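Enquirer: structure, please.
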Amino acid sequence: MDYKSEYNRWLENVTEADLQEELNGMDDKAMEDAFYRDLAFGTGGLRGTIGAGTNRMNVYTVSKASQGLSNYLGSGASVVIGYDSRIKSDVFTKVAAGVFAANGIKVHIWSELLPVPTVSYAVRALGASAGIMITASHNPSKYNGYKVYGADGCQITTEAAAAILAEIEKLDIFADVKNSSFEDGLKSGIIDYIDDSVLTSFIEEVKKQSVLFGDEINRDVAIVYSPLNGTGLKPVTRALEESGFTNITVVEEQRNPDGNFPTCPFPNPEIREAMDLGLQYCEKTGADLLLATDPDADRCGIAVKTASGEYQLMSGNEVGLLLLDYVCSQRIKHNKMPEHPVFVKTVVTMDLAEKIAEHYGLETVNVLTGFKFIGEVIGKLEAQGREKDYVCGFEESYGYLTGSYVRDKDAVNAAFIICEMFAFYKTRGISLSDKLDELFNTYGFCLNTLHFYEFGGSAGMVKMQEIMADFHRGVDNFAGQKVVKTLDYSKGLDGLPASDVLKFYTETGSVVIRPSGTEPKVKAYISVTANNRSEAEKIEEAIGAELAEKIK
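Expert: Predicted structure coming up:
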């Protein structure tokens with residue numbers, strides 16, 4: 001793209017005062033970064049920093065994407081739109097709704113900000129053609145995004161994304177986009193608010209995921225909860241309180257929606273800093289359990305009180321192992337396991353989960369990184385009349401789902417089933433830390449870590465491609481750990497769509513390398529199996545240091 005010419009076109013056509021001011025203040029470097037390409041559109045939709053330019057999230061890039069999606073869907077279709085607490089999420093929502101309405105597409109919109117899984121749910125509940133969620137998930141406040149769902153409630157497939165992108169690329173961002181007033185759409189009825197009964201139905205589906213089957217638990221466990229200034233407060237506390245978990249303290253500084261995330265600049269429960277304030281609340285109240293959900297409430301992180309009175313943060317893999325074992329053991333105990341049960345995980349998720357699934361007689365399906373692929377498996381099972389065979393799915397990045405009522409990870413479900421699991425074991429004098437140790441003693445100790453390396457701007461994109469090309473040429477060992485097998489998912493292995501992911505199996509575990517689909521990062525997932533934690537950490541540290549040197 002001739003970025004200077006496009007910059008000048010924007011100067012001539014943009015009418016919003018904040019975008020005009022930003023454009024006028026750009027130096028050449030900022031200009032190039034904002035206009036050297038169009039913001040990438042893929043299976044995850046759009047995601048980028050908020051601002052002026054074709055490589056930014058703004059009303060023009062949102063409108064163009066909405067017009068392309070409208071052309072793909074055709075007049076007479078319908079869409080569901082949801083949004084989170086991020087900066088300009090409400091603005092982008094109304095702009096997108098206006099474009100759909102101008103194209104004769106019916107719009108169902110949530111009347112308040114709600115978690116991303118409620119969009120997946122409402123698409124299917126209302127029989128809509130597609131769904132849109134305005135969110136940048138767990139990214140810092142400068143980001144926003146535009147996530148697209150198909151009629152099946154699952155994030156769009158690679159094929160659908162390519163077809164929508166083809167429609168988007170035909171458009172001139174200023175000349176070819178139809179627009180209409182959000183308020184006029186409400187008056188005419190082509191835009192309407194989703195009835196509260198749909199949210200109630202969603203909450204009821206979450207509560208149905210209980211696997212107690214009559215077993216008694218003490219629900220008076222002390223819980224500290226943080227929605228991290230996002231969308232989780234209402235649905236998470238409602239699901240818990242309606243199920244008898246009423247001893248809940250909310251982190252006040254992170255209670256209300258705030259796209260600036262003033263006390264958690266990286267609002268991701270994977271990151272300790274995002275959990276710090278919640279941990280302080282736990283220390284003050286003596287709570288048993290800390291829950292935190294990311295801004296669009298599809299990820300859930302926890303910390304548990306140990307026997308020594310300290311609080312232990314648990315990784316996504318660790319929580320996933322515990323949930324898988326809890327759900328399976330309860331189903332087996334009460335004879336509620338389906339005849340052909342299925343567990344789904346991503347290729348970067350701890351391989352130890354497969355041993356637990358095998359123990360309980362579950363088939364494990366491995367999919368590419370991203371919960372949308374787990375959602376697709378659920379959809380395929382449903383098409384075969386087997387949706388009840390889906391027992392559980394999780395990914396290492398704090399995403400879980402124990403039911404088939406949605407097609408994406410759901411932190412409302414995760415918070416509910418985690419609290420039930422915690423209370424179940426606590427009632428029987430067992431801590432989650434002890435239970436995790438028991439699983440490691442039974443199936444072997446495994447350590448999984450994530451490392452990422454950031455590369456900004458156009459030069460960064462080139463650098464990332466060079467790094468991946470280097471790994472594709474092959475690796476003999478990682479820090480002396482011999483590579484015994486390599487899986488190159490760019491070749492479309494195991495019936496999965498081609499994706500730039502490499503998994504190297506070593507003598508002690510595995511290393512997965514992939515570029516992020518939403519951020520300018522290369523990610524490395526290290527998995528080490530050893531006799532104990534100390535031994536595993538030593539091997540992991542050596543591999544991590546070698547990777548950092550090689551990539552940087």
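Enquirer: drop to CA atoms for contacts and neighbour counts, all remaining ones
Expert: OK.
Enquirer: I'd like to know how many residues surround residue 255.
Expert: 18 (other Cα atoms under 10 Å).
Enquirer: for residue 4, that is, sorry about that
Expert: 14.
Enquirer: who's in contact with it?
Expert: Applying Cα atoms under 8 Å, 6 or more residues apart in numbering, we find residue 4 in contact with 31-32, 35.
Enquirer: name the element it belongs to?
Expert: helix 3-13 (DSSP states H and E).
Enquirer: check residue 108 too.
Expert: Assigned by DSSP H and E, residue 108 falls in strand 106-109.
Enquirer: just checking, next helix/strand downstream of the helix or strand of the chain with the lowest mean pLDDT?
Expert: In the chain, no helix or strand scores lower on mean pLDDT, DSSP states H and E than helix 457-472, which sits at a mean of 86. Note on helix 457-472: by DSSP H and E, the next helix or strand toward the C-terminus is strand 477-478.
Enquirer: check which helices and strands the helix or strand that that following strand is followed by sits against.
Expert: Scanning forward in sequence from strand 477-478 by DSSP H and E, the next helix or strand is strand 481-488. Counting contacts by 3 or more Cα pairs under 8 Å, 6 or more residues apart in numbering; DSSP states H and E, strand 481-488 packs against strand 502-506.
Enquirer: list the buried residues of the strand it packs on.
Expert: For strand 502-506, the neighbour count (16 or more other Cα atoms under 10 Å) marks 502-506 as buried.
Enquirer: ok, now stretch 373-389?
Expert: Under the neighbour-count rule (16+ other Cα under 10 Å), stretch 373-389 has 373-379, 381, 386-389 buried.
Enquirer: residue 464: which of those is nearest?
Expert: Lowest distance from residue 464 to the buried residues of stretch 373-389 (Cα to Cα) belongs to residue 373, with 23.9 Å.
Enquirer: give the buried subset of the contacts of residue 4 as a PyMOL selection command.
Expert: Selecting only the buried entries of these in PyMOL, with 16+ other Cα under 10 Å as the criterion:
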select buried, resi 31+32+35
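Enquirer: TSV for the contacts of residue 4, including distance to residue 532, secondary structure and pLDDT?
Expert: Shown next, in TSV, are these (distance: Cα to Cα, whole Å; DSSP: H, G, I helix; E, B strand; the rest coil; pLDDT from 0 to 100):
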residue	distance to residue 532	secondary structure	pLDDT
31	52	helix	96
32	50	helix	95
35	51	helix	96
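Enquirer: can you list the domains in this protein?
Expert: Segmentation of the chain into domains, based on automatic domain parsing, reads 3-198, 219-314, 315-409, 445-551.
Enquirer: go through the ones you listed and name the closest to residue 422.
Expert: Of all the domains of the chain, domain 219-314 comes closest under Cα to Cα, at 8.1 Å.
Enquirer: what about that closest one, distance to the chain center?
Expert: For domain 219-314, the gap between its own C-alpha mean and the chain's C-alpha mean amounts to 17 Å (Cα atoms, centre = their mean, to the nearest Å).
Enquirer: dump the residue contacts of residue 122.
Expert: 80, 128, 153, 198.
Enquirer: oh, I was asking about residue 546
Expert: Counting by Cα under 8 Å, 6+ apart, residue 546 has contacts 478-479.
Enquirer: on that earlier part again, how far does the least confident helix or strand of the chain sit from its chain's centre?
Expert: The answer for helix 457-472 is 24 Å, by Cα atoms, centre = their mean.
Enquirer: got the buried residues for it?
Expert: Within helix 457-472, the residues that count as buried by 16+ other Cα under 10 Å are 463-464, 467-468, 472.
Enquirer: any idea what residue 249 is bridged to?
Expert: The partner list for residue 249 in beta bridges (DSSP bridges) reads residue 224.
Enquirer: test my guess that it contacts residue 221.
Expert: No: if you go by Cα atoms under 8 Å, residue 249 and residue 221 don't touch, sitting 11.1 Å apart.
Enquirer: dump the contacts of residue 4 to a markdown table, plus distance to residue 350.
Expert: Putting the contacts of residue 4 into a markdown table (distance: Cα to Cα, whole Å) gives the following:
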| residue | distance to residue 350 |
| --- | --- |
| 31 | 42 |
| 32 | 40 |
| 35 | 39 |
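Enquirer: nearest to residue 168 among the contacts of residue 4?
Expert: residue 35 (16.5 Å).
Enquirer: for the closest residue to residue 78 other than its chain neighbours, give its distance to residue 80.
Expert: Nearest residue to residue 78 in three dimensions, chain neighbours excluded: residue 106, at 4.4 Å (Cα to Cα, 6 or more residues apart in numbering). Using Cα to Cα, to the nearest Å, one gets 9 Å for the distance from residue 106 to residue 80.
Enquirer: below-threshold pLDDT in the stretch 451-552 of the chain: ranges please.
Expert: For the stretch 451-552 of the chain, applying pLDDT under 70 flags the ranges 517-518.
Enquirer: try it again at 90.
Expert: Along the stretch 451-552 of the chain, segments meeting pLDDT under 90 span 452, 454-465, 491-499, 515-521, 529-533, 550-552.
Enquirer: just to revisit the earlier point, just the buried residues of the helix holding residue 4, please?
Expert: Using 16+ other Cα under 10 Å as the test for burial, helix 3-13 gives 3, 6-7, 10.
Enquirer: farthest pair in these?
Expert: Taking Cα to Cα, no two of these sit farther apart than 3 and 10, at 10.5 Å.
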